[in-house]
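Colleague: Output the structure for:
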Amino acid sequence: MEGRNHVITIETMGSSPYTMETMEINGLEILDLDGVHAVELPTIYTKDDMPVSEHHIPTQEDLENWPHLRNINLPKIEADIGLLIGNGVPDAYTPLEIITGQAGSPHADRTCLGWTVWNLIRCSDENRTTNVCNFVSDRRKDEEIFAVYEDTKNLETMFRNYVNLDFPEKTISDSKEKSIEDRKFEHDVRESITFQDNHYYINLPFRNHEDKLPNNYKQALVRLGGLKRKFERNPQFHNQYIKFMNEMMEEGYTEMVPDKDLGRDDGRVWYIPHHGVFKKEDKIRIVYDCSAKYRGVALNDLLL
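Modeller: Model prediction:
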């Protein structure tokens, strides 16, 4: 990595300004782990050491403590932290998907570079307390909170039993009623399902069947270009990708677009970008990105 020597003055909250020698570097971009999405970086400055360590990185084990985050897959990366990205790179932080939980719990958002977990505080232990966060665990207070929670649950049970006993014609149940969207989805499935060539077919469950989709061909072409560059860098990845897609064709899960539809542009065509991830070292899985937005529209947003 080459750049121009530079001297900068840094001023942070809680410390006096100080001057340091650095190297100014331009023209860098960062990619996601699949090498598909790229974000161009502004001028960056080097530093001999980083005030962070691998202990600051959330792990899959951390997410297991939060039910709403358990479906997120955080790959374990054997590498040192070599770059800090500030808020001067908005494209690196633009959320494509957000997962939130109850008040006071951490949340996560998925950007074009992957998942970011916010406000994650680990329970303190001898090895991590000073490295991860300033967090004090009061066991007695935790037990009191748990006791209050249990008492509240018991009170809810008592109230439910009381109402069910005195008003049997209108019992309280924990079962959830079907939402309007659930009922609409079931209706659309019943109305559109057909059985052809030993396969069941249903129409896509659009929220509004009059919705028109923008032509995202250019977006899909850009994503395909990124995928092609990764193929050129990694022949093994390329070969496994081709094998997987051929198997999808052979099993009948995908099929070639008919020639008559190749130029179709009536607001009912959507090109789904895709990329590959490895579940194991030698097992590839193709991910179809139905949440990719084009002109503010994503296929997932239009479906039930």
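Colleague: tell me the contacts of Arg223?
Modeller: 36, 273-275, 289, 292 (C-beta atoms under 8 Å, 6 or more residues apart in numbering). Backbone N, C-alpha and C define where each C-beta goes, glycine included.
Colleague: For Arg229, the count of nearby residues, please.
Modeller: 14 (other C-beta atoms under 10 Å).
Colleague: Contact partners for it?
Modeller: Neighbours of Arg229 in contact, by C-beta under 8 Å, 6+ apart: Gly35.
Colleague: roughly how far apart are it and Ile77?
Modeller: 21 Å (C-beta to C-beta, to the nearest Å).
Colleague: circling back: mind listing which of the contacts of Arg223 are in strands?
Modeller: 274-275 (DSSP state E).
Colleague: Show me which of the contacts of Arg223 has the smallest pLDDT value.
Modeller: pLDDT is lowest at Val36 among these; the value there is 83.
Colleague: Wait, a helix at Glu191?
Modeller: Yes - assessed by DSSP: H, G, I helix; E, B strand; the rest coil, Glu191 belongs to a helix.
Colleague: for the stretch 101-250 of the chain, which spans come out with low pLDDT?
Modeller: Counting by pLDDT under 70, the stretch 101-250 of the chain contains low-confidence ranges at 122-177.
Colleague: And the helices in it, which stretches?
Modeller: 129-132, 139-166, 180-192, 217-233, 235-250 (DSSP state H, counting those that start in this stretch).
Colleague: List the buried residues of the third one.
Modeller: What it means is helix 180-192. 185, 188 (16 or more other C-beta atoms under 10 Å).
Colleague: any idea how far Arg207 is from Tyr201?
Modeller: In terms of C-beta to C-beta, Arg207 sits 20 Å off from Tyr201.
Colleague: for Leu262, same thing?
Modeller: 21 Å.
Colleague: got it, and Lys178?
Modeller: Taking C-beta to C-beta, one finds Lys178 at 24 Å from Tyr201.
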